[in-house]
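Novice: One predicted model, sequence on top.
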Amino acid sequence: MLKNKTIGFIGAGSMAEAILKGLLSKNMVNPENVFLINRKDQSRLSEISQKYGLILGRQKAEYIAGADIIILAVKPKDVTEVLQRWGNRLQDGQIFISVVAGISTELLENYIQNRVSVVRVMPNTSCAVGLSATAISGGKRATNRAIDVTCEIFSSIGSVVLVNESMMDTVTGLSGSGPAYIYYMVEALESAGVSAGLHPQTARLLTVQTLLGAAQMLLKTGKDASELRKEVTSPGGTTMAGLKALKEYQVAEAMKVAVFKAKERANELGKQLASL
Ligand SMILES: NC(=O)C1=CN([C@@H]2O[C@H](COP(=O)(O)OP(=O)(O)OC[C@H]3O[C@@H](n4cnc5c(N)ncnc54)[C@H](O)[C@@H]3O)[C@@H](O)[C@H]2O)C=CC1
Ligand SMILES: O=C(O)[C@@H]1CCC=N1
């Protein structure tokens, strides 16, 4: 039962808020059992605590040692500082979930002496609306119970897949960063509609509903994207003309390169930290 567990976030940025918002809106956690630690920016802590009814003011050390689950949500460059400060305060049986891009469970485990289950997770910001695509892989000391608890957390705010850790950077390039690619496409479609004379609000409504409908079609029909695409594409019709332009501009290739570049970047971020 997650509701009775104490959950702490180290790092109170976009990702921590997205996870927190999703969990609270699904009534999965008790706000009284949630704590946040953030560096320097106290106004951010106050803002987020007020917004979600969390209790401020506990001693950090007490909080870290007492939490059942700790979610690490700082930028990769800040991981070493966090681990040097808190790594040896973690207690046997705690679950330490990292959402940090590129950072291996092995590296995290190097800083943690006690029998703590380290689990690496790659969600996306759609946690905030309960629709994250989240991949999970356990470190070598992670217990089955820790993996189950992690799955429980993230399946309450989206879909979960278990992957081998060697796939985590790829997942990061695809679904971790993925929402940004989709938003980029939405921006492009909206702006195309506006250029062709639509009111911005109309262009936005039509674009977003098209995206939502297409996602639901993929989920509910179980058909492949290529099959659904063919159903839209009348021979000699409008869609064919549009798709021809996408092919000419090598949009599929661009998507592939985007995923690969993001994957490479995740790998670099991990290597940078490992070399310190
Ligand atoms: N934003 C996204 O879409 C996703 C982000 N991630 C990962 O989540 C992590 C956090 O990303 P964001 O939330 O976007 O970053 P962010 O910059 O919004 O938040 C990071 C927070 O960590 C705090 N922080 C830094 N050093 C700290 C320390 N020593 N102790 C306590 N707090 C500290 C900062 O003050 C900041 O509030 C990153 O490692 C990223 O790779 C993973 C999946 C998706
Ligand atoms: O841009 C980033 O580095 C993070 C990781 C996945 C999504 N955002």
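Specialist: The structure has been received and is ready for your questions. Numbers count the residues shown, from 1 in each chain. Ligands and ions are numbered 1, 2, ... in the order given.
Novice: Show me what Leu72 bridges to in the sheet.
Specialist: When assigned by DSSP bridges, Leu72 has beta-bridge partners Ile10, Ser98.
Novice: so where's the stretch 101-250 of the chain uncertain?
Specialist: Along the stretch 101-250 of the chain, the model assigns pLDDT under 70 to no residue.
Novice: ok, now which ones touch the residue in the stretch 1-150 of the chain that ligand 2 sits nearest to?
Specialist: Ligand 2 sits closest to Ala101 of the stretch 1-150 of the chain, with a gap of 3.8 Å, by CB to the nearest ligand atom. (Glycine included, C-beta is placed from N, CA and C.) Residues near Ala101 by CB atoms under 8 Å, 6 or more residues apart in numbering: 76, 122, 169, 172, 176, 265-266, 269.
Novice: How about Ser195?
Specialist: Contacts of Ser195 by CB under 8 Å, 6+ apart: none found.
Novice: Wait, a strand at the residue of the stretch 1-150 of the chain closest to ligand 2?
Specialist: No. Assessed with DSSP: H, G, I helix; E, B strand; the rest coil, Ala101 is coil; it does not lie in a strand.
Novice: Please report how far it lies from Ile19.
Specialist: 15 Å (CB to CB, to the nearest Å).
Novice: what do you get for Ile112?
Specialist: Ile112 sits 21 Å away from Ile19, going by CB to CB.
Novice: Enumerate the residues of the stretch 1-150 of the chain near ligand 1.
Specialist: Residues of the stretch 1-150 of the chain lying close to ligand 1 (CB under 6 Å from any ligand atom) are 10-16, 37-39, 41, 44, 73-76, 78, 81-82, 99-101, 122-125.
Novice: 8 Å instead?
Specialist: Proximity of the stretch 1-150 of the chain to ligand 1 is confined to 10-18, 37-41, 44, 72-76, 78-79, 81-82, 85, 98-103, 122-125 under the rule CB under 8 Å from any ligand atom.
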